[in-house]
Every structure is written in structure tokens, then in C-alpha cells.
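[1] Predicted coordinates and the sequence they were generated for:
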Amino acid sequence: MDYYCSTKFTELQVHVQSRLLYNCCAAYPERVDLDWLEANPGRLFHTDTMLQDRKLMLENSSCASCHHGCYKYEEQGLASLRTLHKTGQRVTDIHAPMTNLAIMLSTDCNLSCVYCSPQYSTGWQKEIKKGGEYNIGGHKIANDNWNNLWSKMKQKERGIDSRFFNLLIKEIKLAKGLKAIGLLGGEPLLDNNFLRLIDHVRDKKIRVTTGLGVSDDRLKNILKSIKGMDITFRISAEATNRHFEFIRYGVSWNDFKRKVNLIEDHGANIEYTSSLSNLSVIDFDRFYHYSGNRKILLNVVGHPIFLSPHVLDPESKQDCMDKLKDMGEHSTNISKMIQKDATTSERNNVGEYLNQLSSRRRIGLDFLPDSFLRWCGVGQ
Ligand code: SF4
Ligand code: SF4
């Protein structure tokens with residue numbers, strides 16, 4: 001296997017609340033040592049671990065962070081983030097400057113998307129607190145000590161006023177090659193200091209990744225304040241109607257479409273980020289046609305594995321393949337994602353998860369194909 005990935009040499013994700021550094025959303029993180037960073041200004045993107053990982057890559061060896069994010073999936077014949085976003089770019093200087101920085105402000109989020117978890121969303125944290133943990137074939141969805149601690153703290157104490165946030169702003173000023181900044185959540189539009197942060201990075205290209213789980217008033221105020229700035233809204237969605245509402249639990253399809261129109265009416269750029277799971281890949285063709293000519297960035301759900309696109313019955317897979325013919329550049333990637341056969345435990349686990357979700361959230365599953373429901377034992 002060729003272990004090289006240019007993302008390791010160009011990109012960084014920072015989780016402000018938990019002080020974690022990732023090279024991409026899939027990689028395994030490291031926790032930043034604030035005393036070290038203060039003593040070593042300008043090295044946020046060049047920690048000892050990151051330099052070592054890059055060296056290993058150049059020697060064509062595996063590193064723990066990317067094994068967690070990509071290699072272990074590729075070893076099983078599955079798609080990974082690096083195979084999906086391969087650019088052909090080859091940076092070989094382990095001290096190369098960071099060009100893209102994504103900042104996760106906090107875990108505040110009104111949604112609890114099916115493949116997400118309390119680690120990223122307070123919506124999920126509340127659901128677990130109310131209904132208890134999930135344990136699906138050993139995969140746990142549970143609140144950890146950090147979630148419990150943060151839920152007792154105000155947003156201000158958790159995020160943007162922290163020592164780490166102030167160091168991060170200094171690092172951004174020192175990062176001479178930095179071209180683009182992404183703002184992520186939770187839901188970044190819910191963060192009370194969203195506009196203040198934008199103020200610090202207004203000379204960069206800004207991308208806001210949002211699930212649109214915010215009120216109309218809040219969205220309108222934000223849109224008014226950023227009018228004329230070079231900001232792209234990267235909207236998370238991959239399905240339509242009831243599929244969408246089940247996957248992106250907490251926002252209705254009509255509400256979502258209205259908010260997309262609101263953003264467009266204010267003249268902001270829109271693109272989509274679609275995380276394909278087995279639940280969304282069967283409706284993705286409808287979403288693709290809804291999206292019109294807007295750009296769609298594909299991601300693949302690899303965790304939990306029972307929500308991966310390949311965990312589908314043969315009939316649904318054939319149906320997907322038939323629809324792929326109309327989906328241009330996405331066809332090849334999607335057909336690779338669904339190719340592998342599901343294992344018996346993946347099949348049983350997706351059935352178990354759907355049964356539990358549907359009963360806790362009181363949502364019927366009749367929008368999913370009959371063949372799929374029968375195959376994974378839903379409702380039996
Ligand atoms: S986890 Fe994957 S996409 Fe991310 S840096 Fe590593 S190899 Fe690249
Ligand atoms: S909108 Fe994002 S953070 Fe919120 S639940 Fe969905 S995937 Fe998680």
C-alpha cells in the first residue's frame with residue numbers, strides 16, 4: 001500500500017473546546033500541550049507527533065493517526081477519506097506550511113444525526129442523558145466525563161475565551177501560507193462568538209460547515225452581518241424528505257430547504273458536504289438532483305462500521321447501481337463504496353440500531369426499502 005496522503009502536510013483541524021489537533025476529520029487526534037505551544041510559537045502544525053507521522057509517510061510506513069482514519073478501512077477493501085479526496089498533490093517537506101485550517105468551536109448542536117455522537121453534538125448528549133446509552137454489538141454511544149463536565153459550563157467558558165483560543169489566534173497570524181479557514185461544530189452558527197471569530201480571520205477564504213439547525217432569526221442576523229464577505233456555506237446533507245429527517249434528526253426537510261433559499265437570497269456561496277452511509281446512499285440520487293449545479297463534496301461513513309454504505313441488501317445495492325448512471329463524477333466513488341459484502345454482525349447491528357432509534361425517537365421506518373428492512377431484521 002502507498003501510505004502517502006498530502007492532507008497530512010497541508011491541513012489541520014482544531015477542536016477548541018477539547019484542545020485536540022487532527023490532520024483531518026478522520027485522523028486520530030493529539031491533545032495540544034498549552035505550555036509547550038506558548039514556548040514554541042508557530043509550531044501548532046509542526047508538533048513532534050505530526051513531524052514524526054510525516055516522516056513515516058515519506059518512508060512509506062503506517063502511522064497510528066492515519067491507521068485509525070483511513071488505512072484500517074482500506075485494508076478491509078473499504079473506501080476511505082484519503083482515497084475519496086485524492087488530489088495527486090505531493091508535498092514532501094515535513095515542515096511545509098499549513099494551507100487549510102478547520103476550527104471546531106464547540107459541540108453545541110441542535111441535531112443528533114444518526115452517524116454522529118455525543119463527542120460532537122450536545123443534541124446527542126441530551127438524548128443519552130434522557131434515554132440512556134446505546135450498545136450495539138459492542139459499539140457504545142455514551143456520554144463521557146468531558147461531555148458531562150462541558151454540559152455544566154457556559155459556552156463562554158468552554159470555547160472562545162479560553163487560553164487555547166487566544167494561542168490559536170496568534171498561531172493563525174504566524175501561519176504565513178494559510179489560505180483557507182473552515183468553521184465547524186457541533187453547529188458553528190450556534191456559537192455566540194461566531195462573528196467575533198470571523199473578524200479575526202476575515203482576510204482568509206472562509207468556509208462554514210453547517211447542518212442548519214438554527215432558528216430563522218439567528219440565521220438572518222448572521223447573514224446580514226457577513227454580507228459582502230468571501231464566505232461559503234458548506235451545508236451537510238445527503239438525502240431528501242423522510243430519509244433526510246431520519247438521518248439529520250432535529251430539522252425538517254422543508255425547514256432545511258427554506259434555510260438554503262434564505263442563504264442563497266442573501267448572496268452567500270453554497271456547496272454541500274454529503275456523508276454517505278447505507279441509509280443515505282439509497283436516496284442520494286434524489287438529493288443529487290435537488291442540489292442542482294452546486295458542488296457536492298462526498299465523504300464516507302466508516303464509523304460505526306454498520307452504517308457504512310456497503311451494509312446493504314443485494315436488491316438495494318442493485319437499485320443504487322441503476323441510479324448511479326445519472327450521477328456523473330460521483331458514480332465511480334459510490335459504486336466502490338457499496339461493493340463489499342456486509343458481514344453477518346454488520347447486518348445484525350444495523351438492524352438492532354434502527355430498531356432502537358425508531359422506538360426511542362418514535363419514527364416509523366417504512367420509508368426505507370422493504371428488502372433492506374427484511375434483510376437486517378427490522379421490526380421482527
Ligand atoms: S486520516 Fe486519512 S485523510 Fe486524514 S491525514 Fe490521515 S491518511 Fe490523510
Ligand atoms: S449537525 Fe454535525 S455535529 Fe450536529 S449532530 Fe449532525 S453531524 Fe453531529
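    Sure, I can see it. Bear in mind that the values here come from a model prediction, so they are computed numbers and not experimental data. Ligands and ions are numbered 1, 2, ... in the order given.

[2] Output the contacting helices and strands for the helix ranked longest in the chain.
    Counting by DSSP state H, the longest helix found in the chain is helix 344-361. Packing contacts for helix 344-361, counted by 3 or more CB pairs under 8 Å, 6 or more residues apart in numbering; DSSP states H and E, involve strand 134-136. C-betas here are computed from N, CA, C, even on glycine.

[3] about what we covered before: enumerate the positions of the longest helix of the chain that are buried.
    346-355, 357-358 (16 or more other CB atoms under 10 Å).

[4] is that helix up against ligand 2 anywhere?
    No - Helix 344-361 stays clear of ligand 2 (CB under 6 Å from any ligand atom), getting no nearer than 13.4 Å.

[5] Could you confirm residue 91 falls within a helix?
    No - with DSSP: H, G, I helix; E, B strand; the rest coil as the criterion, residue 91 is located in coil rather than a helix.

[6] so it touches residue 4, yeah?
    No - when contacts are counted by CB atoms under 8 Å, residue 91 is not listed as touching residue 4 (9.6 Å).

[7] before we move on, back to that, and the buried residues of helix 344-361, which is closest to residue 300?
    Of all those, residue 346 has the smallest distance to residue 300: 14.6 Å, by CB to CB.

[8] So for that closest one, what pLDDT did the model give?
    Reported pLDDT at residue 346 in the predicted model: 97.

[9] so it touches residue 312, yeah?
    No - judged on CB under 8 Å, residue 346 makes no contact with residue 312 at a distance of 10.0 Å.

[10] For residue 171, which residues are in contact?
    37, 41-42, 44-45 (CB atoms under 8 Å, 6 or more residues apart in numbering).

[11] Outside of the one helix or strand residue 221 maps to itself, list whatever touches it.
    Using DSSP states H and E, residue 221 maps to helix 216-225. Contacting residues not belonging to helix 216-225 are listed as 189-190, 194-195, 212, 258-259, 262-263, 266, 268 [CB under 8 Å, 6+ apart].

[12] neighbours around residue 18, how many?
    18 (other CB atoms under 10 Å).

[13] what sits against residue 44?
    Residue 44 sits in contact with 12, 14, 21, 32, 37, 98, 167-168, 171, 175, where contact means CB under 8 Å, 6+ apart.

[14] can you tell me how far it sits from residue 260?
    From residue 44 across to residue 260, the span is 34 Å (CB to CB, to the nearest Å).

[15] Could you pick out which of the contacts of residue 44 are located in helices?
    37, 167-168, 171.

[16] How much space separates residue 23 from ligand 1?
    4 Å (CB to the nearest ligand atom, to the nearest Å).

[17] just checking, that residue touches residue 54?
    No - using CB under 8 Å, residue 23 is not in contact with residue 54, being 9.4 Å away.

[18] quick one, strands of the stretch 1-150 of the chain?
    For the stretch 1-150 of the chain, the strands defined by DSSP state E, counting those that start in this stretch cover 11-15, 20-22, 30-31, 100-104, 134-136, 139-141.
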